[in-house]
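K.L.:
here is a sequence together with a model predicted from it:
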Amino acid sequence: MNSKPRTLLALYDRLTGFIEKLPGGLQKPILRELTPIRELFLEQRSPRILLVGGTLESVPSLLAMMGATQIHCGDAKQGWRSYQGGVSGAETKILDARNDAPDPHWETGIAAATPDIVLFLQDGDMPAPEWQKSIRRATSSGAPIIALSSSSESARGLVDRLEETSELRGKIRAACSLDDLGFLEILCAALPAPAQLEFARLTNARKAQAFIASSLLKSFSAVCGVVGLQPIPLADLPILAALQSLMVGLIIHTTGRPVTLKLIGEFLSALGLSVGAGFAFREAARAAVRVIPFWGNAISSFVAGAGTYAIGRAAIAYFVDDSPIRETRRIFLSMLPKPRAKKISP
């Protein structure tokens, strides 16, 4: 798998450096919210997919039907072969243990690494001996099983037959066909968190990319809300700037595009912000502390979190959904906290 972008690593290192300087009581809730970010990015790895069943398609053809482009077949190690695709060079590892694969090939692969998911492939009837071989291989790892066929009708028939098998009863995560809308998102969701991003990038699954970006957005907004409670003037501005820049960079990364500080800065500038957008949101709320001393920090926290959420939603619209910048800016402005008009006493 390609190494992680240096820009994102530098931003993450900068962020954790800031967090380490905060009081211990503030560090813990921030680090807790950063856990999903660490799982998706710092622990990011190639998904491992076990193929069993009949010969539906060749592996490159199957990946192409899932949306992967520019597929490059890599080396095989202990039965697992790597496949890269797209401009990002995202990778998946596949153990092809369909019925024409000899037992030693399958046994070596299972012993070397546990699959994240099993794709049970079938296109047409399968003789009883071949069926039993597929069942044995599908249940060998304990990984979630997804039944995959060439059409929705045959997929339903396949899952009915699988559910009649005692070894598989209740273990089928989903039944899909390659033509089903949402198939890639179902498959992506069944993968462990560290493997989801690489699969979404490989297959260019926009809904899966949006889902991953949204989960990151929730964590970043929560973290910024916690940082917004920091009562020391200006102490939180470097952290907010690093958080918001890292958030935009990770959203770009989910799409497979190269991430640079220049691209992040150009996007924020197009929204009418600077890279240190946290300053505008945070200082706009500082007045609340002076007017309402007790509740002012809570209001400031809300503004920091809501402003970050607006930036993230705009980034998803622009980089994942390919919305024009004018529409993106409208989405951003519509999500910003609106100041309440003051009532004028008669």
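P.N.:
Noted; the coordinates are in hand.
K.L.:
C-alpha only now, for contacts and for neighbours.
P.N.:
Noted.
K.L.:
my read is residue 174 is in a strand, agree?
P.N.:
Yes. Residue 174 sits within a strand when classified using DSSP: H, G, I helix; E, B strand; the rest coil.
K.L.:
so it makes contact with residue 145?
P.N.:
Yes. Contact criterion C-alpha atoms under 8 Å: residue 174 and residue 145 qualify, at 7.4 Å.
K.L.:
of the two, which one has the most company?
P.N.:
Comparing residue 174 with residue 145 by other C-alpha atoms under 10 Å, the one with more neighbours is residue 145, at 24 against 17.
K.L.:
hang on, that one packs against residue 117?
P.N.:
Yes. Taking contacts as C-alpha under 8 Å, residue 145 lies within contact range of residue 117: 6.1 Å.
K.L.:
all helices of the stretch 51-200 of the chain, in order?
P.N.:
Assigned by DSSP state H, counting those that start in this stretch, the stretch 51-200 of the chain shows helices spanning 59-65, 103-112, 128-138, 152-163, 183-190, 193-203.
K.L.:
domain map for the protein?
P.N.:
Using automatic domain parsing, the domains assigned to the chain come out as 6-43+205-335, 48-190.
K.L.:
average pLDDT for the first one, rounded please.
P.N.:
Domain 6-43+205-335 shows a mean pLDDT of 74 in the predicted model.
K.L.:
rank the helices of the stretch 51-200 of the chain by pLDDT, which is bottom?
P.N.:
Lowest mean pLDDT within those: helix 152-163, a mean of 73.
K.L.:
tell me what that one is packed against?
P.N.:
Packing contacts for helix 152-163, counted by 3 or more C-alpha pairs under 8 Å, 6 or more residues apart in numbering; DSSP states H and E, involve strand 145-149, strand 172-177.
K.L.:
right, and those - which one's nearest residue 185?
P.N.:
Closest approach to residue 185 among those (C-alpha to C-alpha): strand 172-177, 11.1 Å.
K.L.:
partner strands of the closest one, with direction?
P.N.:
Strand 172-177 pairs in its sheet with strand 145-149 (parallel), by DSSP bridges.
K.L.:
list the buried residues of the strand it pairs with.
P.N.:
Judged by neighbour count using 16 or more other C-alpha atoms under 10 Å, the buried positions of strand 145-149 are 145, 146, 147, 148, 149.
K.L.:
tabulate these (a markdown table), appending distance to residue 315.
P.N.:
Conversion of the buried residues of strand 145-149 to a markdown table gives the following (distance: C-alpha to C-alpha, whole Å):
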| residue | distance to residue 315 |
| --- | --- |
| 145 | 34 |
| 146 | 32 |
| 147 | 35 |
| 148 | 33 |
| 149 | 36 |
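K.L.:
backbone torsions only: list them for the spatially most central residue of the chain.
P.N.:
The centre of the chain sits closest to residue 212, judged by C-alpha atoms, centre = their mean, with a distance of 3.0 Å. For residue 212, the backbone dihedrals (degrees, to the nearest 10) come out as phi -60, psi -40.
K.L.:
against residue 321, how distant is it?
P.N.:
Residue 212 is 13 Å from residue 321, where distance means C-alpha to C-alpha, to the nearest Å.
K.L.:
residue 105 now?
P.N.:
On the measure of C-alpha to C-alpha, residue 105 and residue 321 end up 41 Å apart.
K.L.:
what about residue 135, neighbour count?
P.N.:
17.
K.L.:
residue 167: what's it in contact with?
P.N.:
Listed by C-alpha atoms under 8 Å, 6 or more residues apart in numbering, the contact set of residue 167 reads 135, 139.
K.L.:
ok, so what distance separates it from residue 128?
P.N.:
15 Å.
K.L.:
of all the domains of the chain, which one is nearest residue 197?
P.N.:
It is, among the domains of the chain and with distance given as C-alpha to C-alpha, domain 6-43+205-335, at 6.4 Å.
K.L.:
of the buried residues of strand 145-149, closest to residue 189?
P.N.:
The nearest member of the buried residues of strand 145-149 to residue 189, counting by C-alpha to C-alpha, is residue 146 at 11.5 Å.
K.L.:
residues contacting that closest one?
P.N.:
By C-alpha under 8 Å, 6+ apart, the neighbours of residue 146 are 117, 118, 119, 120, 172, 173, 174, 175, 176, 187.
K.L.:
top of these by neighbour count?
P.N.:
The residue in these with the most neighbours, by other C-alpha under 10 Å, is residue 118 (29 neighbours).
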